[in-house]
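Colleague: Okay, here's the prediction I keep looking at, along with the sequence it came from:
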Amino acid sequence: MLIVLSRLKRVFDSDVGYSFRTSPTAIVAAVIALVCIFCALFANWVAPHNPFDLASLELSNARLPPAWSPEGSGNFPLGTDNQGRDILSALMFGARISLIVGFASVLLSVLVGVSLGLLAGFLGGWVESLLMRMCDVMLSFPAILVALLIAGVGKALFPHAHDTLAIGVLIVSISLTGWVQYARTVRGSTLVERNKEYVQAARVTGVAPLRIMRRHVLPNVLGPVLVLATIQVATAIITEATLSFLGVGAPPTSPSLGTLIRIGNDYLFSGEWWITIFPGAMLVLIALSVNLLGDWLRDALNPRLR
Amino acid sequence: MLAFIVRRLAQALVVMVSVALIAFMLFQFVGDPVVFLLGQDATPEQVLEMRNELGLDRSFVVQFWHFLSNAVQGEFGMSIRQGTRVSRLIAERFPATLELALVAALLALVIGIPMGVYAALRRGSFLSQVFMTVSLLGVSLPTFLIGILLILVFAVNLNWFPSFGRGEITRIGWWTTGLLTAKGWHHITLPAVTLAIFQLTLIMRLVRAEMLEVLRTDYIKFARARGLTNFAVHFGHALKNTLVPVMTITGLQIGGLIAFAIITETVFQWPGMGLLFIQAVSFADIPVMAAYLCLVALIFVVINLIVDLLYFAVDPRLRVERSDSH
């Protein structure tokens, strides 16, 4: 316990901690992001209703406006959707899927990208050329197109098991374009680190190459990766929402924010704007706060700006 | 310079062949055309005969070669869902997407560059602050949400613009255009604005940053010392030099426009290639997906080549350096 506290104090007193304490934007963004993550994680307990409990849904409650309009009901603060689901609860459960996909796909891209980048930078030769040409080809395509294509292929390969696999396919399709940036960044910094004295010293003392990569080079190239990963969480969440909105992402049985927007889009013309706008606002709120945190982190970790 | 062009052409060729290989793999591993054509209860003899007829029993390399030579002629077979030739489907939809992307790109350039220049020249002013804040929001808003918001405000609430379709189109040979009638322009407004907003904010931020950078350089100070008017310094000297990176990004972004057109076309039910592609994805219509993929890759490669060549036209330093080194 004491160790944890002293660790926390060390983080709080560090340069990055100081920069955080003195940046109002970072604090506000962090609070918003934490509230969203909390609601998403504990949606089962925090949400006023369970939107997936079919027994509790009543069609007479369908398409109720938010509580502050005359026809609204205090029971459903942000109104209900076409099946009588409480929008606020659906938002929390939806944010959970969006966040899971966002974090998981970034984690996967970091793992793949950093390993390949390290290999390319450390080994050089044909491994490097091959990997970097692959990156070039990937980069010459918009990420959303590749993700769509993979989601489409996934759908064609597993036409029946689609609903259960959808989340996995989503994560893979976003990661497949995501790893490129990490690979390029890490390769760049590895090329610099490779020729430094501590690596040569490790080599001379007979440390195995894999161990040098993992124990010596890796910690020194992780800084930029951290910044990139933060911003990529926002991008991944938006990509997920876009895919779900286009109908190739999370299925209506376990809707993410994008799916909720897609469902609500059909009711836009009959004046039921809240079914679309609240999930949209939630999406923007998450993306904006994560983006702001990423911007702050980039400045905080940049030694030239200290 | 010739060596440079040859190298770029070779690179472009490699990209195209690898994309074609991916498209070909789609055919190979996703779905069996024989089962699709004959149905589930075909006899083994029928299957064998069909495989022979379609050339599926030949080696991978031979099949890929056939695919390539067909693809070069624009032939990708029949659409599984619609039963028409893919080349015809694409040709029908292509004008709509191209028109949308070009109008959006034009919009982004015509509005984005002046906004960027203004934000750089009057850095502290209220309007510049407004521009910068709005652009931050523009970057964080997903395209489809912008489209939905525009529909909600301008189509549902204000009823100023229609929210779907191309309106009236005129036929010129095989090309169709909506830009010759007032109704067509009326219909293209919201989709084009939706598509343009992201590019617009990007171009504006880029022009502002580049302009600030250029204004600090010595030759601008020298131009001022020569007694040139502010107008000549800003637009004759500074802006001209900011346009090189703007050109690169715009070139790359036209590809992005085509990708984002998928989203815009879905939101506005715009009958372009993007809508065709998204329908193909949800029905696993592989021939259409493969054709779209190859076409988009081709557009990307061509745009990149043009941008590279434009560098030589715009930046005389490049020509000198290249001829020195060779």
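Modeller: Structure's in. What do you need?
Colleague: Confirm A:G271 sits in a strand?
Modeller: No. A:G271: not assigned to a strand; according to DSSP: H, G, I helix; E, B strand; the rest coil it is coil.
Colleague: quick one: low-confidence ranges for the stretch 201-306 of chain A?
Modeller: Scanning the stretch 201-306 of chain A for pLDDT under 70 picks out A:302-306.
Colleague: would you list every one of the helices in the chain?
Modeller: Reading this off chain A. With DSSP state H as the criterion, chain A has helices at A:2-13, A:15-21, A:24-41, A:43-46, A:87-123, A:125-139, A:143-157, A:162-194, A:197-204, A:209-211, A:218-246, A:257-265, A:274-301.
Colleague: should've been chain B
Modeller: When secondary structure is read from DSSP H, chain B shows helices at B:2-29, B:33-38, B:44-54, B:60-72, B:86-121, B:126-140, B:143-150, B:182-215, B:218-225, B:230-231, B:239-268, B:273-282, B:286-314, B:316-325.
Colleague: Output those helices as TSV; include the columns distance to chain A, mean neighbour count and mean pLDDT.
Modeller: No exception for glycine: its C-beta is placed from N, CA and C like everyone else's. Listed next are the helices of chain B as TSV, based on distance: least, Cβ to the nearest Cβ, whole Å; neighbours: other Cβ atoms under 10 Å in any protein chain shown; pLDDT from 0 to 100:
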stretch	distance to chain A	mean neighbour count	mean pLDDT
helix B:2-29	6	15	80
helix B:33-38	11	15	64
helix B:44-54	19	13	74
helix B:60-72	17	14	78
helix B:86-121	13	20	86
helix B:126-140	5	15	78
helix B:143-150	5	23	85
helix B:182-215	11	21	83
helix B:218-225	23	12	81
helix B:230-231	32	8	78
helix B:239-268	4	21	79
helix B:273-282	3	24	84
helix B:286-314	6	19	81
helix B:316-325	21	10	55
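Colleague: quick one, what contacts residue 194?
Modeller: You didn't say which chain, so I picked chain A. The contact partners of A:R194, by Cβ atoms under 8 Å, 6 or more residues apart in numbering or on different chains, come to A:G121, A:F122, A:V217.
Colleague: think we crossed wires, I meant chain B
Modeller: B:T143, B:I146, B:G147, B:L150, B:T264, B:V267, B:F268.
Colleague: B:I197 is in contact with the second one, correct?
Modeller: Looking back up the chat, that one is B:I146. Yes. B:I146 is within contact range of B:I197, at 5.5 Å (criterion: Cβ atoms under 8 Å).
Colleague: Which neighbours do those two have in common?
Modeller: The contact sets of B:I146 and B:I197 overlap at B:G138 (Cβ under 8 Å, 6+ apart).
Colleague: ok, back up a step: out of the helices of chain A, indicate the one that is most buried.
Modeller: Mean neighbours per residue, mean count of other Cβ atoms under 10 Å in any protein chain shown, is largest over the helices of chain A for helix A:257-265, with a mean of 26.
Colleague: quick one: contacts of that helix?
Modeller: Contact with helix A:257-265 is made by A:81-82, A:90-91, A:94-95, A:97-98, A:240-247, A:249-252, A:255, A:272, A:274-277, A:279-280, A:282-283, B:144-145, B:148, B:267, as judged by Cβ under 8 Å, 6+ apart.
Colleague: where does the stretch 151-300 of chain A come near chain B, residue by residue?
Modeller: Residues of the stretch 151-300 of chain A lying close to chain B by Cβ under 8 Å from any Cβ of the partner chain are A:151-153, A:155-157, A:159, A:234, A:238, A:241-242, A:245-248, A:261, A:265, A:268-269, A:271, A:273, A:276-277, A:280, A:283-284, A:287-288, A:291.
Colleague: same thing but at 7 Å, please
Modeller: The stretch 151-300 of chain A comes close to chain B at residues A:151-153, A:155-157, A:238, A:241-242, A:245-248, A:265, A:268-269, A:273, A:276, A:280, A:283-284, A:287-288, A:291, as judged by Cβ under 7 Å from any Cβ of the partner chain.
Colleague: From B:V117, how far off is B:L239?
Modeller: Using Cβ to Cβ, to the nearest Å, one gets 6 Å for the distance from B:L239 to B:V117.
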